[in-house]
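1. below are the sequence and a predicted model for it; my questions follow.
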Amino acid sequence: MCKRFVDQVVIVTGGAKGIGWGIAKVFSQEGAKVVVADWDDVNGPKTVEELRQSGGEAIYVKCDVSNEEQVKAMVEETIKTYGRIDVLVNNAGIGVYKSILDTSSEDWDRCLDVNLKGVFLCSKYVIPHMLKQGKGNIINISSVHSFQTVNGVAPYAASKGGITALTRNMAIDYGPTIRVNSIAPGWVLTPLIQSIFDSYPDPEAQRKAVEQRQVMKRIGRPEDIGYAAAFLASDEASFITGTQLFVDGGLTAQLETW
């Protein structure tokens, strides 16, 4: 793997596991100094240790992205440790999979606070440092649910649609200094998705059924999203901003499945 991010500092929110873990791993392999920002005090340090054992440089900073003071402290710790921020990956998110009538106000607020407000807060406190540097990249992790969705995921779909719209606005507001793009993952095998499979009588059969509905006949890996994020943050993507990259194995290309 080429080292496109040597001496660059990358913040990955929600980087302790799942998609965030895959993103942190790829950036570390490409030479970046990685800040794993997460509220998971078990998996956060484990991920950092894994990156270090592979030859990378990384730190863990505990952070609830919906909490403004914690976000400010996380950004300050990054600057104190590394002196700059080159890439922000707004990945932290939670799933609230309910219809409007089944969603409480507390459910709604928590989902939007983490998934959408978290993108706002982290960007708000990172952007001034990027402007001062004269360069930066922000990558927001949205979802295929921002474009096409299913029944019973109202808060989640709304939050991801908001991320996609916010991405465009941020790109306009802060270009050409900062490029801002989003990624829309499809099915990716994370602990959350595995827990969904595990809720069925035959988890392996359920997973295979989902795989067969995919154009690529497999479920994505966290690293698949990491490779896409690294591309968007690289100089090869220097003319790409304000757009959304679907990394979904062709899921949204299909009209319907049988």
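-> Happy to help now that I have it.
2. now the helices for the protein?
-> Assigned by DSSP state H, the chain shows helices spanning 18-29, 43-53, 68-82, 105-112, 118-133, 154-174, 191-198, 203-212, 222-233.
3. run through the neighbouring helices and strands of the second one.
-> Going back to what we said before, that points to helix 43-53. helix 18-29, strand 33-38, strand 57-62 (3 or more CB pairs under 8 Å, 6 or more residues apart in numbering; DSSP states H and E). From N, CA and C alone the C-beta is placed, and that goes for glycine too.
4. mind listing what's buried in that helix?
-> N43, G44, P45, K46, T47, V48, E50, L51 (16 or more other CB atoms under 10 Å).
5. what angle do helix 18-29 and the helix or strand of the chain with the lowest mean pLDDT make with each other?
-> When the helices and strands of the chain are scored by mean pLDDT, DSSP states H and E, helix 191-198 comes last with a mean of 92. Between helix 191-198 and helix 18-29, the angle comes out at 140 degrees (axes from the mean of the first three to the mean of the last three CA atoms, to 10 degrees).
6. ok, residues contacting helix 191-198?
-> Helix 191-198 has contacts (CB atoms under 8 Å, 6 or more residues apart in numbering) with K17, G18, G95, W187, P203, E204, Q206, R207, V210, I219.
7. what subset of the residues you listed is buried?
-> K17, G18, G95, W187, R207, V210, I219.
8. next, the contact list for the fifth one, please.
-> Applying CB under 8 Å, 6+ apart, we find R207 in contact with F197, I219.
9. how about a cut-off of 7 Å?
-> Going by CB atoms under 7 Å, 6 or more residues apart in numbering, R207 touches F197.
10. V247 reaches I183, doesn't it?
-> Yes. Using CB atoms under 7 Å, V247 is in contact with I183, at 5.6 Å.
11. higher neighbour count, those two?
-> The neighbour count for V247 versus I183, taken as other CB atoms under 10 Å, is higher for I183 (27 against 22).
12. and the more buried one, how close does it get to Q53?
-> 27 Å (CB to CB, to the nearest Å).
13. what's the answer for K62, then?
-> On the measure of CB to CB, K62 and Q53 end up 21 Å apart.
14. now do the least confident helix or strand of the chain: distance to the chain's middle.
-> 18 Å (CA atoms, centre = their mean, to the nearest Å).
15. ok, stretch 48-64 next?
-> 17 Å.
16. same thing with stretch 46-58?
-> For stretch 46-58, the distance to the chain centre is 19 Å (CA atoms, centre = their mean).
17. kindly format the C-alpha coordinates of that stretch as CSV.
-> The C-alpha atoms that make up stretch 46-58 are tabulated as CSV, following Å, rounded to 0.1, in the frame of the first residue of the first chain:
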residue,chain,number,x,y,z
LYS,A,46,-7.6,-1.8,21.8
THR,A,47,-7.8,-0.3,18.3
VAL,A,48,-5.0,2.2,19.1
GLU,A,49,-2.8,-0.6,20.4
GLU,A,50,-3.6,-2.6,17.2
LEU,A,51,-2.6,0.3,15.0
ARG,A,52,0.6,0.8,17.0
GLN,A,53,1.6,-2.9,16.8
SER,A,54,1.2,-2.6,13.0
GLY,A,55,3.7,0.3,13.0
GLY,A,56,1.3,3.2,13.1
GLU,A,57,1.0,6.2,15.4
ALA,A,58,-2.3,6.7,17.1
